[in-house]
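Student: Quick one, what's the 3D model for this:
(one chain, ligands or ions: 2)
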Amino acid sequence: MTITAPADAVERAVARPLVEIRRVRKSFGAHQVLRDISLDAPEGTVTVLLGPSGSGKSTLLRCINHLETIDGGRIMVDGELIGYRQTGHTTHEMTPRQIARQRRGIGMVFQRFNLFPHMTALENVTEAPTGVAGVPAAAAKARGLDLLDRVGLADFARHYPAQLSGGQQQRVAIARALAMSPKLMLFDEPTSALDPELVGDVLDVMRELARDGMTMIVVTHEIGFARGVADQVVFMDGGVVVESGDAAAVIDAPRRQRTRNFLESVR
Ligand code: ADP
Ligand code: MG
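Tutor: Ligands and ions are numbered 1, 2, ... in the order given. As a prediction, this is how the structure comes out:
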């Protein structure tokens, strides 16, 4: 008898890491916030970062996206070092221009939606493509409408943020991040600021993105989302990875007491 692995398992097994984090350290003054973080996010997979407040989750996401610099270790995205370039054996810091290019490949969605209040939903989405990437206005608009449709907001293109619910604003923020065609999406507690009844629509959009093959790293306390959507779960505490692995395994059968305690606290 031959046992064949399901096609998607094979695909996952060969997926190379889109994000490689190796022994990353980061301190603020004397406070060491990331102590020695290593993790891989394979291409086309969803990684959920769990952990108590202050464990360094946001800092880690911010280091991936150039919002913080690391003190040691390295971060690679799509085969490129973040923040540095290498010529031969020498490593140089990137120029602001190189950093800007790298950042364009990474979309980030924050807990607070950070939309421009004086711009419509559509203008928020087209601002970076037209302003930064030089996409012609008509093309940016067509794609912007398409993206708003994708997040369920086709009818809200001309609305201003103040006219939208928190959940709708967050979906505009997701569309805005997608407008630059990122190869990686980072989400930092995207539903934590939302009224409970608005959380589902945002998670649905994220679930759809995952289904379409987007590589995502998501900080969230939504355990149901983690179990249903994540390929791997990484539990952090005190600036270290305490436990990581298959989402269902970590959530349903955590090996470490600290993980168990945390999961009990958020359930
Ligand atoms: P989490 O997202 O897991 O709650 P953070 O990464 O936001 O954790 O923060 C980890 C620790 O680093 C916290 O103790 C926080 O106060 C500290 N920290 C984060 N950003 C800064 C900063 N810019 N300056 C000083 N301390 C910071
Ligand atoms: Mg945080």
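
Student: CA only for contacts and neighbour counts going forward, please
Tutor: Will do.

Student: Now do the contacts for residue 258.
Tutor: By Cα atoms under 8 Å, 6 or more residues apart in numbering, the contact set of residue 258 is residue 242.

Student: Which of the three states applies to it?
Tutor: Assigned with DSSP: H, G, I helix; E, B strand; the rest coil, residue 258 falls in the helix class.

Student: Quickly note the distance from it to ligand 1.
Tutor: From residue 258 across to ligand 1, the span is 15 Å (Cα to the nearest ligand atom, to the nearest Å).

Student: Also residue 189?
Tutor: Distance, residue 189 to ligand 1, by Cα to the nearest ligand atom: 9 Å.

Student: Backbone dihedrals for that residue, please?
Tutor: Phi and psi for residue 189, reported as degrees, to the nearest 10, are phi 50, psi 60.

Student: and it, how many neighbours?
Tutor: Using other Cα atoms under 10 Å, residue 189 is surrounded by 19 other residues.

Student: From what I see, it and residue 113 are in contact.
Tutor: No - using Cα atoms under 8 Å, residue 189 makes no contact with residue 113, being 10.7 Å away.

Student: Helices along the stretch 101-250 of the chain, start to end?
Tutor: For the stretch 101-250 of the chain, the helices defined by DSSP state H, counting those that start in this stretch occupy 121-131, 137-150, 166-178, 196-211, 223-229, 247-252.

Student: Tell me which of the ones you listed sits most buried.
Tutor: When the helices of the stretch 101-250 of the chain are scored by mean count of other Cα atoms under 10 Å, the highest mean neighbour count falls to helix 166-178 (a mean of 25).

Student: residue ranges for the strands of the stretch 51-200 of the chain, please.
Tutor: All strands of the stretch 51-200 of the chain, identified by DSSP state E, counting those that start in this stretch, fall at 72-77, 80-81, 84-87, 90-93, 106-109, 184-188.

Student: which residues are contacting the shortest one?
Tutor: Put plainly, it is strand 80-81. With Cα under 8 Å, 6+ apart, strand 80-81 has contacts from 74, 75.

Student: before we move on, what about the last one?
Tutor: For strand 184-188, the surrounding residues in contact (Cα under 8 Å, 6+ apart) are 58, 61, 105-111, 177, 214-220.

Student: as a whole number, average confidence for that strand?
Tutor: Mean per-residue pLDDT for strand 184-188: 98.

Student: try stretch 123-138
Tutor: For stretch 123-138, the mean pLDDT works out to 92.

Student: and if you look at stretch 17-37?
Tutor: For stretch 17-37, mean pLDDT rounds to 97.

Student: Nearest the middle, which residue of this protein would you pick?
Tutor: The chain has residue 186 as the residue nearest its centroid, 1.3 Å off, counting by Cα atoms, centre = their mean.

Student: Could you give the bridge partners of it?
Tutor: residue 108, residue 217 (DSSP bridges).

Student: Help me confirm that residue 33 comes into contact with residue 55.
Tutor: Yes - between residue 33 and residue 55 there is a contact at 7.2 Å, judged by Cα under 8 Å.

Student: list residues touching both of these two?
Tutor: If you check residue 33 and residue 55 against Cα under 8 Å, 6+ apart, the residues they both contact are 238, 239.

Student: show me the contacts for residue 119.
Tutor: Here residue 119 is in contact with 160, 161 (Cα under 8 Å, 6+ apart).

Student: same deal with residue 223?
Tutor: Residues in contact with residue 223 (Cα under 8 Å, 6+ apart) are 251, 266, 267.

Student: Ligand 1: which of the residues you listed is nearest?
Tutor: Here the nearest of those to ligand 1, counting by Cα to the nearest ligand atom, is residue 266; it sits at 14.1 Å.

Student: orientation of the helix or strand containing residue 23 relative to strand 72-77 in degrees?
Tutor: For residue 23, the element it lies in under DSSP states H and E is strand 17-28. Calculated by axes from the mean of the first three to the mean of the last three Cα atoms, to 10 degrees, strand 17-28 forms an angle of 150 degrees with strand 72-77.

Student: Would you mind naming what in the stretch 151-267 of the chain lies close to ligand 1?
Tutor: Not one residue of the stretch 151-267 of the chain sits near ligand 1, judged by Cα under 6 Å from any ligand atom.

Student: With that, I have no additional questions.
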